[in-house]
Each structure stands twice: as structure tokens, then as C-alpha cells.
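*Asks:* have a look at this prediction, sequence included:
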Amino acid sequence: MTDIVDRSTRSKMMASIKGKNTAPERFVQAELERRHMSFEAHSVELPGKPDVILPLYQVALFVNGCFWHRHQGCFYATTPASQKTFWQEKLGENVERDVRKRAELEALGWRVIVVWECGVKHCPDQFEEVVEAIEGELTLTEWPEKPPRVRE
């Protein structure tokens, strides 16, 4: 399948996709603020530059887009029909980097939790699970543990 827009337009569209302060990140930050939990955003000192760190709890949060980080089984983790090989390599590299950075953080003593975009979108009322994991009351490596919407 060919792209419906020309190469220049597609390039501009892709360049406009933000990597910081996305709506899901703002949701997570607002929920933490509402609970008076002290955090830092976009820590450049740590491997992988976590979206949110909570030094008091030694927790690093990555707020990941399901498409860009290949949320396993998620409806939103699709592969574009055009330039399939390019996208498979690009998105595969993202996943490999995520695994490496998580291991580096854990080696430094940080607990890592991935908050998936689909969870923020479809079950924000269950974010308390993430808070419980941050506080150590629940063992959680990613939220939601299963995508709320799956591809048939």
C-alpha cells in the first residue's frame, strides 16, 4: 500500500510528533501531584532519560506510547503498511533500547515501571495500581499488565 501523502508532507507530520510532555505524561504527572508525591520529569542523569522519577521511592517511570514501544498484544501497536521493513527495524530498535535501559536502571538500584498510553486512555481510574506499586505495596513492572483493547 502506498502512502496517501507525499514524502515531504509525511516528513513534516512525523517531525511534529512530540517526545516530551505528551498527554499521557501530563496525566501521570497530574495524578502524582494530586497525591503530593514528589517527582522529577525527564531526568537526563539516568539511563534512558525516564519520563518521571520518584527519588524517594527509587522508582523510574516510562510513559510509553503503544505504537512506538510495541506494547505486546495492544490494539495500538500496529505496523504501518508502507515501508514495512523500515518500521519493523525502527520499532524493533526502540524495544531493544527499552530493554537495555531498563536493565541499566535496575543495576543502579531503581525499580522501573512502564505506564502504557492505552492504560491512560482506557482505564485512568485504575491508576491507583501504579501508585501502590510506587509505594511498594504491589509488584508491577508495567501498567496495565494486559492491554485493555487488543487487536483481533
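*Replies:* Great, that's in hand.

*Asks:* so how many other residues sit close to the closest residue to P50 other than its chain neighbours?
*Replies:* The shortest distance from P50 to any non-neighbouring residue, by C-beta to C-beta, 6 or more residues apart in numbering, is to A60 (3.8 Å). Any C-beta I mention is one placed from the backbone N, CA and C, and that applies to glycine too. Neighbour count for A60, taken as other C-beta atoms under 10 Å: 26.

*Asks:* hang on, A60 in a strand?
*Replies:* Yes. Looking at A60 with DSSP: H, G, I helix; E, B strand; the rest coil, it is inside a strand.

*Asks:* any buried residues in the helix or strand where R26 lies, and which?
*Replies:* R26 belongs to helix 23-34 when elements are defined using DSSP states H and E. Across helix 23-34, burial judged by 16 or more other C-beta atoms under 10 Å covers 24-25, 27-29, 31-32.

*Asks:* packing partners of it?
*Replies:* Contact here means 3 or more C-beta pairs under 8 Å, 6 or more residues apart in numbering; DSSP states H and E; on that basis helix 23-34 packs against strand 52-54, strand 59-64, helix 117-122, helix 128-134.

*Asks:* which one of those lies nearest to R149?
*Replies:* helix 117-122 (6.1 Å; C-beta to C-beta).

*Asks:* show me the contacts for the residue nearest to P50.
*Replies:* Contact analysis of A60 by C-beta atoms under 8 Å, 6 or more residues apart in numbering lists 43, 46, 48, 50, 52-54, 105, 110-113.

*Asks:* please apply the same query to Q72.
*Replies:* Shown in contact with Q72 (C-beta under 8 Å, 6+ apart): P147.

*Asks:* that one and N21, how far apart?
*Replies:* 26 Å (C-beta to C-beta, to the nearest Å).

*Asks:* just name the most buried of the helices and strands packed on helix 23-34.
*Replies:* Burial of those is given as mean neighbour count (mean count of other C-beta atoms under 10 Å); strand 59-64 ranks first at a mean of 23.
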